[in-house]
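J.: After the sequence you'll find the predicted model.
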Amino acid sequence: MVESIARVRHIRVTPQKARRVVALIKGRQAEEALAILKFAPQGASEPIYKLVASAIANARVKADKDGEYLDEQDLYVKNAYVDEGTTLKRFQPRAQGRAFQIKKRTSHITVVLSTPEVAETAEAGKSKKASK
């Protein structure tokens, strides 16, 4: 019955590279996702690892606040996505007085963790509305 969200904004990883790493963990159990990210060779795996760990901590705090029981083994990655952030534009000098533009892209990464009960309840509510 717990759903937690963690976001990181303006991180200096290109969205294309971050999406490759996020695709590895979608739909997986949270602890399994941490294990995958810990050993993934991509550079974006470290900030995403920290983000998933933060989402687990957010779920723990939210469950304590609501007085609910939370087994961290039940948490899974319900959704994870990468949006494009601002682009830093820099210039590099080139031959004959020219300038070459370098685009340093940033990303906004969001991870949503949930327990299976929340997903089943939401699906049941949607199916009731659809049948009416």
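T.: Structure's in. What do you need?

J.: what about the most centrally placed residue in the chain, which helix or strand?
T.: Nearest to the geometric centre of the chain sits Val111, at 3.0 Å (Cα atoms, centre = their mean). Following DSSP states H and E, the helix or strand that holds Val111 is strand 99-114.

J.: Adjacent strands (with direction) for that strand?
T.: Looking at strand 99-114 with DSSP bridges, its partner strands are strand 3-11 (antiparallel), strand 76-93 (antiparallel).

J.: Please name the residues that touch the closest residue to Lys103 other than its chain neighbours.
T.: Leaving aside its chain neighbours, Lys103 sits nearest to Thr87 (5.1 Å; criterion: Cβ to Cβ, 6 or more residues apart in numbering). Every C-beta, even on glycine, is put in place using the N, C-alpha and C of the backbone. Going by Cβ atoms under 8 Å, 6 or more residues apart in numbering, Thr87 touches Lys103, Lys104, Arg105, Thr106.

J.: what sits against Ile56?
T.: Ile56 sits next to Ser4, Ala30, Leu34, Glu72, Leu75, Leu113 when contact means Cβ under 8 Å, 6+ apart.

J.: roughly how far apart are it and Gln96?
T.: 54 Å (Cβ to Cβ, to the nearest Å).

J.: Repeat that for Leu51.
T.: Plainly put, Leu51 is 45 Å away from Gln96 if you go by Cβ to Cβ.

J.: quick one: which of the two has more around it?
T.: In terms of neighbours (other Cβ atoms under 10 Å), Leu51 is the more surrounded of Leu51 and Gln96; the figures are 20 against 4.

J.: CA atoms only: put the one helix or strand the more buried one maps to into PDB for me.
T.: Under the criterion of DSSP H and E, Leu51 resides in helix 45-66. Only the C-alpha atoms of helix 45-66 are listed here, as PDB (Å, rounded to 0.1, in the frame of the first residue of the first chain):
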ATOM      1  CA  SER A  45      24.300   3.600 -13.100                       C
ATOM      2  CA  GLU A  46      25.900   5.200 -10.000                       C
ATOM      3  CA  PRO A  47      23.400   8.200  -9.800                       C
ATOM      4  CA  ILE A  48      20.500   5.900 -10.600                       C
ATOM      5  CA  TYR A  49      21.600   3.500  -7.900                       C
ATOM      6  CA  LYS A  50      21.600   6.400  -5.400                       C
ATOM      7  CA  LEU A  51      18.100   7.400  -6.700                       C
ATOM      8  CA  VAL A  52      16.600   3.900  -6.200                       C
ATOM      9  CA  ALA A  53      18.200   3.800  -2.700                       C
ATOM     10  CA  SER A  54      16.600   7.200  -1.900                       C
ATOM     11  CA  ALA A  55      13.200   5.900  -3.200                       C
ATOM     12  CA  ILE A  56      13.500   3.000  -0.800                       C
ATOM     13  CA  ALA A  57      14.200   5.300   2.100                       C
ATOM     14  CA  ASN A  58      11.300   7.500   1.100                       C
ATOM     15  CA  ALA A  59       9.000   4.500   1.100                       C
ATOM     16  CA  ARG A  60      10.300   3.600   4.600                       C
ATOM     17  CA  VAL A  61       9.600   7.100   5.900                       C
ATOM     18  CA  LYS A  62       6.200   7.300   4.300                       C
ATOM     19  CA  ALA A  63       5.200   3.900   5.800                       C
ATOM     20  CA  ASP A  64       6.400   5.000   9.300                       C
ATOM     21  CA  LYS A  65       4.400   8.300   8.900                       C
ATOM     22  CA  ASP A  66       1.200   6.400   7.900                       C
END
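
J.: Good, we can wrap up now.
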